[in-house]
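# got a predicted model here, sequence first, then my questions.
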Amino acid sequence: MAMASRVPICFCIFVFCLFISFHGLVSASEGGEGKAKEFVVTLDSSNFYDTVNNHSFIVVEFYAPWCGHCKHLAPEYEKAASVLSSHDPPVVLAKVDASDEANKGLATEFEIRGFPTIKILRNGGKIVQDYKGPRDADGIVTFLKKQVGPASAEIKSVEDAGNLIDEKKIFIVGVFSEFSGEEFENFTQLADKLRSDYDFGHTLDAKHLPRGESTVRGPTVRLLKPFDELVVDFQNFHVDALENFIEEASLPTITLFNKDPSNQPFIEKFFNSPNAKAMLFMNFGSELADTFKSKYHDVAVQYKKKGVGFLLGDVETSQGAFQYFGLQENQVPLLIIQTNDGKKYLKPNLDLDHIAPWLKEYMDGSLKPYVKSEPIPEVNNEPVKVVVADNLQDVVFNSGKNVLLEFYAPWCGHCKKLAPILDEIAVSLQSDADVIIAKIDATANDIPTDTFNVRGYPTLYFKTASGNLSQYDGDRTKEAIIDFIRKSRDKTGHQDSVKDEQDSVKDEL
């Protein structure tokens, strides 16, 4: 079956259900005598599509056994699955080990870029949505019960509105003269599509709603939000126009990055936006904080509709962002712009009067991108050479050598397993002056995304002496990789020595 691609989303700084016949699934996940019943169904490439095809609603967690966040989620996920098994209709929660080589195709298809990632699959997998609810058992249960109910709830009274509308969240309500016709059908279609992102309601009388003019007549879509103008109305009921309106109106002029958990959905939305991202980090307790916020807001209003989103982060809350960008607290006030192609622009120790001029320089294209890099090693005499962002061009592309380059993460289990193999390969080929075995910590260095497509770790690339670049997807064994290098490298005066080393490796094995 050809599964539908997921609803497009993009960037994340650190960062998931359908009427079913439950009992047939859980029987496959039960253990033998003496084992507790497991309510989370284990899926893999052999049973995934058949299972999803047979259910109109299923939740799937893509996890890795070594992932700490996955281990923390596991008991909560299992508890939620147990409770939801008694729901009418039952709701199935499943899991896939996305780090298993056999499930690599599933991980690629669903664009799994971190663990755990949870997806909601509807209508036999035809609709794929990101799960954006809580990660505790009670929160999972509450969120998913709402997901299997109607996408939009009818509001018949002020009391109904009060029970449904959380003033700290976005709520979208359609006002209609009757619950029929093209406008109502389009609204319900959109509500079903976006139900994992927003709460929806519909009513025949706007006077039941808080905020705004109560005499409005349908058809109208009213978006209630806890920021900026608080309420926005819209009358174009074409589905694409409605979706664009909701996406634009639900992003604050400035997204606050602080300890308030109610801001988390807006932070995620900010980082998932395709816009360039301007991020000002500062000490919210400083004397100039209010003045900076006011000036920054004026600039944000000016550039909001020019493809730039704005975030204001408290330095105390933003340690993860500082680690990601390789920055220090003593650089605040600090303004960063990150584009959707991965380029970054940095202005540390920002002066109040420089906010607008610096952003104008960015818009004019006169700023030089910032590249995060570890220091170039003063001593680099190990068999596997260390590459950093600042010397990647020289080592890989300007050296005139055949280079095998590993992109790794220090915490990656597969990388740790590959490390001694690369050491052995480098030792076996160290007499060949035309071959370099190298590695780069992809979490501590910026990677040129227009050159390398690194979606997981480890990722291996091979660049020939003449400049041909290709990704290595073969077996990660000493013999297979050396054989690949021998066949792929440019023919040079040292080619015979490579063949000798290959014969030696075969003898060793």
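Nice, thanks for sending it over.
# what sits against G467?
F397 (CB atoms under 8 Å, 6 or more residues apart in numbering). (Glycine included, C-beta is placed from N, CA and C.)
# for it, helix, strand, or coil?
coil (DSSP: H, G, I helix; E, B strand; the rest coil).
# got a pLDDT number for it?
pLDDT for G467: 92.
# torsion angles phi and psi at it?
Main-chain torsions, G467, degrees, to the nearest 10: phi 110, psi 0.
# how near is it to N402?
Here the criterion is CB to CB, to the nearest Å. By it, G467 lies 11 Å from N402.
# same question for D44.
37 Å.
# so the two - more neighbours on which side?
The residue with more neighbours, out of D44 and N402, is N402; 25 against 13, by other CB atoms under 10 Å.
# what number of residues lie near the residue lying closest to that one once chain neighbours are set aside?
Excluding the flanking residues, the one nearest N402 by CB to CB, 6 or more residues apart in numbering is R489, at 4.1 Å. As a burial measure, R489 scores 25 neighbours (other CB under 10 Å).
# what pLDDT does R489 get?
92.
# tell me the buried residues in stretch 474-481?
Judged by neighbour count using 16 or more other CB atoms under 10 Å, the buried positions of stretch 474-481 are R476, K478, E479, I481.
# report pLDDT for the third one.
Note on E479: pLDDT of 96.
# confirm that it sits in a helix.
Yes - E479: assigned to a helix according to three-state DSSP.
# look up how far S428 lies from it.
Counting by CB to CB, the gap from E479 to S428 is 10 Å.
# same question for the first one.
Taken as CB to CB, the spacing of R476 relative to S428 amounts to 15 Å.
# next one: the last one
As for I481, its distance to S428 is 10 Å (criterion: CB to CB).
# shared neighbours of the two, anything?
By CB under 8 Å, 6+ apart, no residue touches both I481 and S428.
# so of the buried residues of stretch 474-481, which two are at opposite extremes in space?
Put simply, by CB to CB the two of the buried residues of stretch 474-481 set farthest apart are R476 and E479, 10.7 Å from each other.
# hey, where'd the helices end up in the stretch 201-350 of the chain?
Here the stretch 201-350 of the chain has its helices, by DSSP state H, counting those that start in this stretch, at 239-249, 264-272, 289-303, 319-325.
# could you dump those into CSV and include mean pLDDT, distance to D450 and mean neighbour count?
Below are those laid out as CSV (pLDDT from 0 to 100; distance: least, CB to CB, whole Å; neighbours: other CB atoms under 10 Å):
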stretch, mean pLDDT, distance to D450, mean neighbour count
helix 239-249, 93, 27, 16
helix 264-272, 87, 21, 18
helix 289-303, 92, 25, 16
helix 319-325, 79, 20, 15
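# quick one, domains of the protein?
Per automatic domain parsing, the domain ranges recorded for the chain read 22-148, 152-249, 255-364, 385-508.
# now distance to V379 too, for those, in TSV please.
Below are those laid out as TSV (distance: least, CB to CB, whole Å):
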stretch	distance to V379
domain 22-148	31
domain 152-249	51
domain 255-364	22
domain 385-508	10
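# the helices in the stretch 401-509 of the chain, which residues?
413-428, 478-488, 495-508.
# can I get the helices of the stretch 201-350 of the chain in a markdown table with distance to V388?
Shown next, in a markdown table, are the helices of the stretch 201-350 of the chain (distance: least, CB to CB, whole Å):
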| stretch | distance to V388 |
| --- | --- |
| helix 239-249 | 38 |
| helix 264-272 | 26 |
| helix 289-303 | 33 |
| helix 319-325 | 15 |
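# which one of the domains of the chain lies closest to S373?
Nearest of the domains of the chain to S373, taken as CB to CB: domain 385-508 at 3.5 Å.
# my read is G174 is in a strand, agree?
Yes - assignment of G174 by three-state DSSP places it within a strand.
# wouldn't it be in contact with L223 here?
No - in this structure G174 lies outside contact range of L223 using CB atoms under 8 Å: 10.5 Å.
# low-confidence stretches in the stretch 101-250 of the chain?
Along the stretch 101-250 of the chain, segments meeting pLDDT under 70 span 212-215.
# that one: strands as residue ranges?
Ranges of strands in the stretch 101-250 of the chain, per DSSP state E, counting those that start in this stretch, are 117-122, 127-130, 152-154, 171-175, 199-203, 220-224, 231-234.
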